[in-house]
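Student: Dropping a prediction and its sequence here:
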Amino acid sequence: MQTFIQETIQDILKTTTNFEEVVFVLPSKRAGVFVKQALKDASVTGFLPEILNIEEFIEQVSEIKKIDSIQLLFHFYTIYKEQEENPDSFDTFSSWAFTVLQDFNEIDQHLVDTRDVFIYIRDLERLKKWSVKGTFKETPLIKDHFSFTEKLNEYYDAFYAFLLENKIGYQGCMYRESTKKIDEYLKEHPEKQFFFIGFNALNKSEELIVSRMLLEGNTEIYWDIDQAFLHSNHQAGNFIRKYKTRWKYYQTNELKIVGDWFSKEKNIQLIGAAKNISQMKYAGELLSKFPSHNSTALVLSDESLLPITLNSLPENVSSINITMGYPLKDMPTTSLILSIFQLFLLQDKFKKQEVNLFYYKSVVKFLKHPLIHRVLSVDNDSLSDVITTIIFKENHTFISEDFIATFLTKIGPETKKLILNIFSKFTNIDEFLQRILKLIDGLKNEVIGLEKEFLFRYYTVFVQLQNHQKALGYFTDLKTLYQFFNQLIGSENLSFQGEPLEGLQLMGMLETRLLDFDNLIITSVNEGILPGNSKQTSFIPFDAKVAYGLPTYTEKDAIFSYHFFRLIQRAKNVFLIYNTEVDSFGGGEKSRFITQLELLKEDIQSRTVSPKIHPQITITKEVVKNDEIIDKLKELAKKGFSPSALTNYLYNPLAFYQKKVLKIKEFDDIEEEVAFNTLGTVVHETLRELYEPYVGKFLLLENVKDMESKTHAYIIKYFSEYFRNGDISTGKNRLIFEVAVRFVSNFLQQEKDLLKDTNNQLKILEVEKDYEAFINIEGFDFPIKIHGQVDRVDELNGVTRIIDYKTGAVKEPDLKVSDVSEILDFKYSKAIQVLLYAFMYTENLKTDKDIPLEAGIISFKKLKSGFMKLNFSEKYRGKDHEVTSERIANFIEQVSLLLKEIYNPEVSFTEPADLPF
């Protein structure tokens with residue numbers, strides 16, 4: 001395949017042999033490498049031509065230096081403050097200034113009279129508030145907006161004058177000035193010969209400059225256009241057809257170069273894939289089948305997919321050149337910088353600046369970052385893990401610098417100083433920027449390769465921010481700096497350097513200008529991406545853009561149409577991959593370019609691909625019992641089974657094995673909000689302390705009233721014990737504290753209602769008493785201990801009651817056991833629990849065991865239900881609450897069967913397949 005660049009060089013060589021005074025102007029800088037290679041291949045000797053991209057050429061002509069977006073914003077704010085009596089803060093200003101600067105840039109590129117367009121916008125806004133009745137209500141917000149639109153031209157004039165005075169500017173400023181200076185520039189360089197190569201959509205400034213230079217006679221322009229698009233009304237040829245019609249130069253000259261490449265035979269395949277990852281994985285599969293990746297390009301229509309793409313490249317891609325930038329927001333270093341911001345932003349949110357305490361989540365996020373984790377490693381262990389473990393174990397919600405310092409004794413003094421410097425008290429923005437720069441500088445020796453590039457890019461960003469802050473001081477607080485930083489990382493990239501002449505070329509659509517490839521893979525060929533959606537961020541209304549010749553989405557669609565079809569016209573193998581899944585981000589609908597391509601070319605192969613799906617085989621998790629496990633279970637028999645351990649086995653035998661045999665504990669998490677089990681513990685302990693003085697006594701109404709006066713103090717006492725380092729004075733924790741108070745108060749009120757009836761005699765027998773009993777199973781040479789803590793045992797009117805408190809909701813059907821022989825089911829877990837309590841209680845009785853006995857639950861969430869008793873009635877609404885010795889014996893027979901299963905070596909610990917979650 002002969003590329004456009006090669007074809008152009010051959011044509012130029014017909015008339016030009018000496019390139020000493022020749023200037024090549026290209027759309028992009030990267031294309032210059034391919035131009036030089038084409039000159040080398042054409043055996044050009046002597047001086048090479050001067051090769052400039054269009055921006056460099058415009059800078060030469062305008063004599064204005066382009067500055068970056070950060071500098072531009074700061075200079076604009078300086079001018080803005082001079083124009084306003086009550087200017088916005090910098091963070092508010094930056095939220096709209098980027099859009100205004102973008103509009104200024106577009107207006108200047110297209111040589112629009114700024115006064116006219118801003119008056120048009122002003123008048124349009126005035127019409128909006130016009131009312132026949134004169135009753136338009138102007139809110140402060142609307143008033144500010146009208147004032148803002150009327151001052152746009154003032155901002156522009158003052159800012160433009162400032163830029164010219166300092167010979168700096170944005171791209172549009174350079175273009176406008178270059179149109180004024182092009183004649184002078186040509187007079188100063190009469191010996192120069194100019195070649196514009198590979199352009200398509202020119203802005204008004206470029207049109208004026210190029211058409212003027214063509215008429216001078218020392219300039220030629222080479223277009224890359226196929227006759228299929230030029231000699232039709234196809235959108236891809238819109239701009240070049242317009243120039244051919246309107247430019248005076250083409251009244252006597254022909255276009256160069258018009259090819260006939262698109263009509264040649266091509267292998268074009270349309271591939272639908274579900275979602276972005278499937279697209280990239282399939283692109284990787286295609287690349288893995290290519291014997292060589294020279295003259296192969298992978299073009300990302302959606303450049304945000306670069307990180308996914310890099311992880312999807314096959315092993316046979318040995319050489320790659322990435323021509324797009326890697327977004328700062330996707331760099332690993334970004335999460336580290338953001339975690340430092342969060343340390344102080346959350347400190348401010350929780351009002352902990354004065355005491356310099358940090359919210360635990362932001363501390364853990366910082367310490368767990370891979371770079372910090374690596375720095376704090378000592379003897380293959382990281383202090384990050386040690387610190388975070390203690391934070392969770394001791395339930396520290398807020399962390400001090402001194403707390404961190406106590407763990408850093410094992411690392412070097414420089415590293416310790418580096419880490420503690422981050423946690424030092426915030427003073428001002430200058431110092432904050434300096435501490436981040438010190439951290440980056442300190443980390444540079446801990447990283448290699450790409451990580452070092454990431455750190456260096458951020459170092460340059462923060463040096464720049466620091467210089468601007470020292471000079472202008474616009475960042476008044478950390479929140480302003482953070483908002484600006486977020487805007488910055490969303491727009492800035494890290495540029496890659498590679499070998500553009502070898503291996504796979506990974507690029508965005510705009511980077512393909514001038515370049516041709518044999519093998520072409522284009523991804524995300526969907527509406528809303530290629531071409532992009534019609535949404536434009538601008539203060540200039542659509543009708544104003546049309547009226548003044550500013551580009552709208554229709555022109556931008558034509559630009560992408562040109563790039564898409566130009567890229568395809570010389571390729572031999574074209575793979576167009578699109579997302580088949582319908583979603584709100586433009587997925588699911590094929591690009592209109594695909595539809596147009598199908599009308600223009602025959603024999604296009606189309607198919608849909610999907611990931612290879614392997615049938616999911618449900619693997620039952622199972623642990624076979626061996627001698628070691630049986631020995632552990634025998635140890636457990638001595639220590640004892642709790643009622644909850646047995647119900648846990650019924651729910652999931654494997655979980656029972658992990659907890660009771662392997663002794664695996666759940667990970668301790670920070671309890672920011674009072675956990676449900678903590679609430680239960682506080683209520684239980686409060687009731688224990690309230691009732692303990694009355695054990696063995698009949699409870700009187702006065703006793704309960706005395707308890708009520710102590711309730712609040714006891715609840716505070718036990719919250720401080722079981723909710724360590726927690727704050728119950730505000731927020732959700734305060735509400736939970738009040739719930740605990742309400743639970744106990746309502747319970748005591750219920751006790752008072754009971755005792756107001758003088759016929760009721762209530763004697764407290766035990767509170768929070770530990771019981772144990774043994775079950776002897778036939779064939780076992782050891783007894784099995786059952787133990788547990790019974791919340792309360794009392795005697796009401798001669799009937800002994802075994803009571804279990806529950807802070808959660810319990811329903812009466814949960815305690816109905818019509819047939820004890822069917823009780824070994826998790827749905828009877830609450831009944832099993834209280835029956836085991838009854839068993840232990842009766843086993844510990846020294847007198848007659850066949851006493852009137854009831855067992856049940858008091859649910860604090862359903863106190864109106866009172867004492868909910870075990871119900872053994874076989875009838876639907878029947879009631880039979882007595883817990884007899886016979887029923888206990890029958891129940892223990894069932895428990896013995898369960899214990900035999902647990903100790904049976906032939907029965908594995910197996911996780912149920914239908915385990916509810």
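Tutor: Arrived safely, thanks for sending.
Student: use CA for all of it now, contacts and neighbours both
Tutor: Will do.
Student: for G272, phi and psi?
Tutor: Dihedral angles of G272 (phi, psi; degrees, to the nearest 10) stand at phi -90, psi 130.
Student: ok, it - contacts?
Tutor: Residues in contact with G272 (Cα atoms under 8 Å, 6 or more residues apart in numbering) are Q279, I577, Y578, N579, T580, R607, T608, V609.
Student: Which ones among these lie within helices?
Tutor: Mapping the contacts of G272 onto helices (DSSP state H) picks out Q279.
Student: Now list the buried members of the contacts of G272.
Tutor: Buried subset of the contacts of G272 (neighbour count, 16 or more other Cα atoms under 10 Å): Q279, I577, Y578, N579, T580.
Student: Pull the contacting residues for the first one.
Tutor: The one in question is Q279. G272, A273, T523, S524, I577, Y578, N579.
Student: What's the per-residue pLDDT of it here?
Tutor: We have a pLDDT of 93 for Q279.
Student: Also the third one?
Tutor: Reported pLDDT at Y578 in the predicted model: 94.
Student: wouldn't it be in contact with I277 here?
Tutor: No - counting by Cα atoms under 8 Å, Y578 stays clear of I277, with 11.4 Å between them.
Student: Based on its surroundings, how many neighbours for D116?
Tutor: 12 (other Cα atoms under 10 Å).
Student: Repeat that for G412.
Tutor: G412 sits with 11 neighbouring residues when counted by other Cα under 10 Å.
Student: K351 too?
Tutor: 13.
Student: Likewise for Q658?
Tutor: Q658 - counted by other Cα under 10 Å - has 14 other residues nearby.
Student: Would you check that it makes contact with I664?
Tutor: Yes - Q658 is within contact range of I664, at 5.7 Å (criterion: Cα under 8 Å).
Student: follow-up on the earlier one: could you dump the buried ones among the contacts of G272 to JSON lines with distance to E446?
Tutor: Shown next, in JSON lines, are the buried ones among the contacts of G272 (distance: Cα to Cα, whole Å):
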{"residue": "Q279", "distance to E446": "36"}
{"residue": "I577", "distance to E446": "40"}
{"residue": "Y578", "distance to E446": "41"}
{"residue": "N579", "distance to E446": "41"}
{"residue": "T580", "distance to E446": "44"}
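Student: Now, the residues you listed that are in strands?
Tutor: Judged by DSSP state E, strands contain the following of the buried ones among the contacts of G272: I577, Y578, N579.
Student: Pull the contacting residues for the second one.
Tutor: Shown here is Y578, whose contacts under the criterion Cα under 8 Å, 6+ apart are L270, I271, G272, A273, Q279, T523, S524, V525, N526, G588, K590.
Student: ranges for the helices of the stretch 451-600 of the chain?
Tutor: 478-491, 542-547, 553-569, 592-600 (DSSP state H, counting those that start in this stretch).
Student: For the third one, buried residues please.
Tutor: By 16+ other Cα under 10 Å, the buried positions in helix 553-569 come out as 556-569.
Student: Does Y222 belong to a helix, a strand or coil?
Tutor: Assigned state for Y222: strand (three-state reduction, DSSP: H, G, I helix; E, B strand; the rest coil).
Student: How many neighbouring residues does it have?
Tutor: Y222 is flanked by 20 other residues according to other Cα under 10 Å.
Student: JSON lines please, covering the helices of the stretch 451-600 of the chain and showing mean pLDDT and distance to H369.
Tutor: Below are the helices of the stretch 451-600 of the chain laid out as JSON lines (pLDDT from 0 to 100; distance: least, Cα to Cα, whole Å):
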{"stretch": "helix 478-491", "mean pLDDT": "84", "distance to H369": "19"}
{"stretch": "helix 542-547", "mean pLDDT": "89", "distance to H369": "46"}
{"stretch": "helix 553-569", "mean pLDDT": "93", "distance to H369": "40"}
{"stretch": "helix 592-600", "mean pLDDT": "93", "distance to H369": "44"}
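Student: Let's have the ones you listed in JSON lines, adding distance to A713.
Tutor: Putting these into JSON lines (distance: least, Cα to Cα, whole Å) gives the following:
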{"stretch": "helix 478-491", "distance to A713": "41"}
{"stretch": "helix 542-547", "distance to A713": "68"}
{"stretch": "helix 553-569", "distance to A713": "69"}
{"stretch": "helix 592-600", "distance to A713": "73"}
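Student: before we move on, the earlier item: between the buried ones among the contacts of G272, which sits nearest A809?
Tutor: Set against A809, the nearest of these by Cα to Cα is T580 (47.2 Å).
Student: shouldn't that closest one be in contact with A273?
Tutor: Yes - contact criterion Cα under 8 Å: T580 and A273 qualify, at 5.6 Å.
Student: Give me the residues contacting stretch 396-415.
Tutor: By Cα under 8 Å, 6+ apart, the list of residues contacting stretch 396-415 reads 356-360, 363, 375-376, 378, 383, 386-387, 391, 416, 420, 423-424, 442, 670-672, 724-726.
Student: ok, 6 Å please
Tutor: Here stretch 396-415 makes contact (Cα atoms under 6 Å, 6 or more residues apart in numbering) with L357, F358, Y359, Y360, F423.
Student: In three-state terms, label the residue lying closest to P500 once chain neighbours are set aside for me.
Tutor: With Cα to Cα, 6 or more residues apart in numbering as the criterion, P500 has its nearest non-adjacent residue at 5.6 Å, and that residue is N321. Secondary structure, three-state DSSP: N321 is strand.
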